[in-house]
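Enquirer: using only what follows, build the 3D model:
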Amino acid sequence: MTYADGPLPQWSTVGGYGSDTYEAEDPHGVVWRLWLVERTADGDPLPPGYRLAPRDGLGNPTFVTNQHGLYRAMDVAGVQIALDAVRADPESAARQLGSAVGRTSMTP
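Expert: Sure thing, here's the model as predicted:
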């Protein structure tokens, strides 16, 4: 997995087109998975939306909203998993997100 033009990871589709499952590697080599849950199972404490967790620890995911679509979810998840790198190079992160520096918050 590579980083293009900044600190945010590049997401790859897992399971083919339409799987709604993606993976990206953080700067420390940990592979993270982002997947969509449209309907929650009984007892799921998280609402419908995306889940983010290390691939080796999928049992305790964090919630990422799907309110603004897949690309926004990927941006939010990317900032979460690469937060130290984003803090070290916020200008490149802002360019990757297509925003002018100062007009975007790097806080997930």
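Enquirer: tell me which residues in the longest helix along the chain are buried?
Expert: Secondary structure of the chain per DSSP state H: the longest helix is helix 70-81. Across helix 70-81, burial judged by 16 or more other CB atoms under 10 Å covers 73, 74, 75, 76, 77, 78, 79, 80, 81. For the C-beta atoms, the positions are set from N, CA and C on the backbone; glycine is no exception.
Enquirer: kindly indicate which of these lies nearest residue 16.
Expert: residue 74 (17.2 Å; CB to CB).
Enquirer: which residues touch that closest one?
Expert: Shown in contact with residue 74 (CB atoms under 8 Å, 6 or more residues apart in numbering): 11, 22, 34.
Enquirer: same check, this time on residue 46
Expert: So residue 46 contacts 37, 40, 61, 63 (CB under 8 Å, 6+ apart).
Enquirer: ditto for residue 86
Expert: 7, 8, 79, 93, 106.
Enquirer: how near is the first one to residue 96?
Expert: If I follow you right, that is residue 7. Here residue 7 is placed at a distance of 8 Å from residue 96 (CB to CB, to the nearest Å).
Enquirer: which residue ranges form the strands in this protein?
Expert: 12-13, 21-25, 31-37, 49-54, 62-64 (DSSP state E).
Enquirer: per-residue confidence at the residue nearest the centre of the chain?
Expert: Closest residue to the average C-alpha location of the chain: residue 77 at 2.1 Å, with CA atoms, centre = their mean. In this model, residue 77 is scored at 94, pLDDT.
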